[in-house]
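> Next one to model:
(2 chains)
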Protein chains: 2
Amino acid sequence: MLGFPGVLLWRAELSSVFLRGTIPPPVLLLPRWLVPVRPRGSFENHALLVLGGRIAALGPREELLARHPEVERIWLDTHVLLPGFVNSHTHAAMSLLRGLADDQPLMAWLQQHIWPAESRFVHPDFVRMGTRLAIAEMLAGGTTCFNDMYFFPSETAQVAAEMGMRVSVGHVVIDFPNTYTKSAEDALRKAQAHLAGLRGSPLVKQGMAPHAPYTVSDGALQETAALARQEGLFMHMHVHETSQEIAGALERDGCRPLQRLARLGLLDSRFLAVHMTHLDASDLAICAETGIRVAHCPESNLKLGSGISPVSSLHRQGQKIGIGTDGAASNNDLDMLGELRTAALLAKGRDQDPTALPAVDALEMATLGGAMACGWEAETGSLETGKAADCIAIDLDRPATSPVYDPVSQVVYCAGRDQVSHVWVAGRLRVSGGRALDWEDREIVVQAREWARRIAERDGEG
Amino acid sequence: MLGFPGVLLWRAELSSVFLRGTIPPPVLLLPRWLVPVRPRGSFENHALLVLGGRIAALGPREELLARHPEVERIWLDTHVLLPGFVNSHTHAAMSLLRGLADDQPLMAWLQQHIWPAESRFVHPDFVRMGTRLAIAEMLAGGTTCFNDMYFFPSETAQVAAEMGMRVSVGHVVIDFPNTYTKSAEDALRKAQAHLAGLRGSPLVKQGMAPHAPYTVSDGALQETAALARQEGLFMHMHVHETSQEIAGALERDGCRPLQRLARLGLLDSRFLAVHMTHLDASDLAICAETGIRVAHCPESNLKLGSGISPVSSLHRQGQKIGIGTDGAASNNDLDMLGELRTAALLAKGRDQDPTALPAVDALEMATLGGAMACGWEAETGSLETGKAADCIAIDLDRPATSPVYDPVSQVVYCAGRDQVSHVWVAGRLRVSGGRALDWEDREIVVQAREWARRIAERDGEG
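Next up, the predicted model:
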């Protein structure tokens, strides 16, 4: 249990490091229930030791209390301790467009509201403000890592690092000109230019994010894949989001989008396909053969009327699946507790089978599955010795989550984001008593309101 | 605006009544946005005057401030003021079985866990405790009225009246013996015996609740309907919950359940059909002809794999629809904000149409639609002069609900139950700052835990 090098580090010179503030202080977490995700299930009378920002030990409470009398203790008497959620598909900055034009036909929503607003306002300061708003919401709700796809990814990465949030940012590649890139070639140039600069931060990973099959040409897709392979990066792409996408591909390319991506050699275990709502037997076979990862975004798929992903079929054939909220413009929140609950309920409804996607599987998708979907699984997604201490505590001591027969069931089927009491990222406490420790939510809300005032003034001008 | 008699009452002798504590004090509510449901939409710079527990006036803020300088003012600067939610289908006491055995096949869940637990534990004290737990959760989440169906309905009604919650309790009629009734005849006798005793409380209505088509004989259904007509009561029944129910009816009765109920003369605008997941053209025609009310329980239908109700078809043909959580054993919460959001999202996903069930319609179902579904619409479900002051305030000043382009959209698509800051029932403040004013949640949680310990000990004994 003590084989972890962090312990040596602690014995040697950690205290001096604390003074320099580069490493969070050691702490012993003592929850009522420990749910590490791997192994599955929940454990009582267990504790988790954080040293140097990492999980140094997990084990019986009495044993860890005896071994580490010197370490600060945090008693979580009515709480479940879990790995932080990994939001496997976001457009964080779009939180500034949350609820701009709901309940409209898809094309009217995009062409008359979202795209005009983006072409007017999406610049680095918009991305920084929108990302700040998104991270304030996500951290408070127990999300400790997100996999983002948006313009100006360096801004997103910088804000995440500043706010202490783990992130994987995708360098968007899209043929069409936008406020960030003039063309796919320009996008690839910008990606290469930014790659080195973002390698420094321990909380930041990068990926390549070709937007979608219908917005990126064969040539650009192959160049993007080549760059990803050369740099050892994940690919992150919208795939099979709607039936129209598939119909269009059959007409244009003579095959379904997944078949085209397979033919182009893009599909392997480092490719993340987002949405995947319409899958026939041939699509499922391609998924199984290539081992691609899938990001399931049930609420966005429902709200936009895209369809319902056959997530239990993908799960049964062993696909690694993460859960994502998508952007707040089409959800309209970034609440992973709500999203994993919707995933668990919707799979049962779709299959008309109450045993489809049990709570324990939905929770694994929202944590370890998401980490596997964006290349962060060595560091986060489960509470295992040696991983970063990305942990959250959920207080079940409320009427809405009482009584507790099974803590995993209560977390998945009843707990609300307001019950997330503590959030640690890499061992540093970011949320306590449900409140952010490093910024004033009020200030973020006021700044977002000012942005919305300007955006609303121009809305509908087309 | 001042035609309401409450104003005279106020001028005359209200202050003396306050001293006797029978009527809540007058108050002027000054929200950022007023969403009365009827009329639809949201209004800024408006206020709501509560006199004698009723809505005495709604109007421009400045006008009401000038007219009522003497009345206490509650400023809700960042809040939406709405009618309280009406939960149109519950089994409140089953909150004590919340999460007892999730993710199991329906029959295993019922036969090996729920039914044995009910046969062992369902007695008046169980019903009182479970109802207390349910009401603590519902009131805190903005529900001010619920339509219940469970054994020992007099206990449910009494607890609701004690806790200041509006309720419609159904007198259950079921052929099979249970801890409350030996037979349908016994159930009808008990209903008649209790009817008079419950007429006293201003917060309590009663209905007749024949359990389901497959558990009540033709004769008992007709006697139940006759009693309901004679007493002027609503009927409340599970109908078309699963495809098996319909298959069984076709085999046993030679027709679909709705056709049988129509033939027996049960269906009219005072009949509430709960679930209604499987409806063909003939079923929809019966609904339209008879004007029956429908209670839509999307999360329970998903979780039990029952199916997905064609709620937008029902809505298009003008059916009056309420939204219900069902019991916590099959949901697993009583969160109406979550439920109406699921209803709005699921309708879009089912129809693959992002314009299906817009936010404003989902909100109307969760309030006025529910009131119409259980006979409370003259008193609650919308903020209209003369109705009881059943109001809730939701604070949108959080990152998760910022910015606000449309307050109705933010309430339906992003707001969490934790943002419900104030809850008034009949003008009496029951929740403030998100906390119940009349009891300690902690005590209810501890008592529920003790019940669960005893229930879990015997679980699985069959």
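> from here on, contacts and neighbour counts on C-alpha atoms
Fine.
> Okay, helices next: where are they in the stretch 301-450 of chain A?
Using DSSP state H, counting those that start in this stretch, the helices of the stretch 301-450 of chain A run over A:311-316, A:336-351, A:359-364, A:370-373, A:407-413, A:441-458.
> Model confidence score at residue A:200, please.
Looking at residue A:200, its pLDDT stands at 82.
> Which of the helices or strands spans the residue lying farthest from the centre of chain A?
Relative to the mean C-alpha coordinate of chain A, counting by C-alpha atoms, centre = their mean, the farthest residue is residue A:66 (36.5 Å). Take DSSP states H and E as the rule and residue A:66 turns out to sit in helix A:61-67.
> what do you get for residue A:41?
Residue A:41 belongs to no helix or strand when elements are defined using DSSP H and E.
> pLDDT score assigned to the residue of the stretch 101-250 of chain A found nearest chain B?
As assessed by C-alpha to the nearest C-alpha, chain B sits closest to residue A:103 within the stretch 101-250 of chain A, at 4.7 Å. With respect to pLDDT, residue A:103 scores 94.
> now residue A:398: how far from residue A:94?
Residue A:398 is 33 Å from residue A:94, where distance means C-alpha to C-alpha, to the nearest Å.
> quick one: which of those two has more around it?
Neighbours were counted for residue A:398 and for residue A:94 using other C-alpha atoms under 10 Å in any protein chain shown; residue A:94 has more, 24 against 19.
> Hmm, that one is touching residue A:326, no?
No - under the criterion of C-alpha atoms under 8 Å, residue A:94 makes no contact with residue A:326, lying 9.6 Å away.
> which stretches of the stretch 251-400 of chain A aren't confidently modelled?
Low-confidence segments of the stretch 251-400 of chain A (pLDDT under 70): none present.
> can I see the domain layout of chain A?
Domains of chain A are assigned by automatic domain parsing as A:11-83+A:391-425, A:89-373.
> Distance to residue B:250 for those - can I get that in TSV?
Below are the domains of chain A laid out as TSV (distance: least, C-alpha to C-alpha, whole Å):
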stretch	distance to residue B:250
domain A:11-83+A:391-425	34
domain A:89-373	20
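> residues from the stretch 51-200 of chain A in reach of chain B?
A:95-100, A:102-106, A:133-134, A:136-137 (C-alpha under 8 Å from any C-alpha of the partner chain).
> Please name the strands paired to the helix or strand harbouring residue A:168 in the sheet, noting orientation.
Using DSSP H and E, residue A:168 sits in strand A:166-173. Paired strands of strand A:166-173, with direction, are strand A:143-150 (parallel), strand A:204-210 (parallel) (DSSP bridges).
> hmm, back to that, closest to residue A:257 out of the residues of the stretch 51-200 of chain A next to chain B?
Distance to residue A:257 across these (C-alpha to C-alpha) is lowest for residue A:106, with 20.3 Å.
> Not counting sequence-adjacent ones, nearest residue to residue A:368?
residue A:381 (3.9 Å; C-alpha to C-alpha, 6 or more residues apart in numbering or on different chains).
> That neighbour against residue A:373, yeah?
No - Residue A:381 lies out of contact with residue A:373 (C-alpha under 8 Å); the separation is 10.4 Å.
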